[in-house]
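> build the 3D model from these lines:
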Amino acid sequence: MAEQQTGAREAEQASDLLVTVAESLNERLALTAGELARSQTLLREASGELMTAFRGAADRIVAAQRAVPTGTPDRRTEYTVVLDHLYRAVEHLQSHDLVNQLIDAQKMRVDKMRENLEQALVLASSPVADPQRPDQWIERSRAMLDCIVAGIRQIDEDARAPVHKDQKAAGSVDLF
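Numbering: from 1, shown residues only. As a prediction, this is how the structure comes out:
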């Protein structure tokens, strides 16, 4: 009987350790989700700045075209500089689309893993019918591990899956 109680106590400690790991991972994933959301916000703000740069460059071209009186020397050099700025801004906006898609994919993976960790924690919160029986603690730990492993497996599968693009939004940039 004492041996069974010792085994039950050890199994309970192992189960508690598993709960601690799941809670810790869930907290870290929550922080990661927050960082990803902040990254998207910063990316959106940077894209807004790029659009402002687009408008400024376009306004400069329009003003330069209007300001050239007939018979004045060719100003193509200035237009080329402005167009170079526009082309660079377009490249940045295209990378914005790609980075946004990557961040969305990461957020989805983090959310799926958090769902599995939360499911494991729900299993951990249910009482064990007979705390003196190690097999019940072990069964609960196995169920929790199954949830965690399922989350990891899903992340791995999602990482190998091709990124689905929104064909309407992918690469489309509304300049003006």
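
> so for the longest helix along the chain, mean pLDDT?
Counting by DSSP state H, the longest helix found in the chain is helix 2-67. Averaged across helix 2-67, pLDDT comes to 85.

> what packs against it?
Contacts defined by 3 or more Cβ pairs under 8 Å, 6 or more residues apart in numbering; DSSP states H and E place helix 2-67 against helix 76-125, helix 134-160. (Glycine included, C-beta is placed from N, CA and C.)

> how far does the shortest one sit from the chain's center?
Averaged C-alpha coordinates place helix 134-160 at 22 Å from its chain's average position (Cα atoms, centre = their mean, to the nearest Å).

> what do you get for the longest one?
Centre-to-centre, helix 76-125 and its host chain are 7 Å apart (Cα atoms, centre = their mean).

> ok, which of the helices and strands packed on helix 2-67 comes nearest A67?
Proximity to A67 (Cβ to Cβ) singles out helix 76-125 among the helices and strands packed on helix 2-67, at 10.4 Å.

> who are the packing partners of the closest one?
helix 2-67, helix 134-160.

> before we move on, the earlier item: got the helices and strands packed on helix 2-67 as TSV, with distance to A57 and mean pLDDT columns?
As requested, the helices and strands packed on helix 2-67 are exported to TSV (distance: least, Cβ to Cβ, whole Å; pLDDT from 0 to 100):
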stretch	distance to A57	mean pLDDT
helix 76-125	5	83
helix 134-160	39	87
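
> could I get those as CSV with distance to A33?
Formatted as CSV, the helices and strands packed on helix 2-67 follow (distance: least, Cβ to Cβ, whole Å):
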stretch, distance to A33
helix 76-125, 5
helix 134-160, 14
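
> ok so, going back, what angle separates the longest helix of the chain from helix 134-160?
Angle, helix 2-67 to helix 134-160, by axes from the mean of the first three to the mean of the last three Cα atoms, to 10 degrees: 20 degrees.

> re the thing from before, tell me the most buried of the helices and strands packed on helix 76-125?
helix 134-160 (a mean of 16; mean count of other Cβ atoms under 10 Å).
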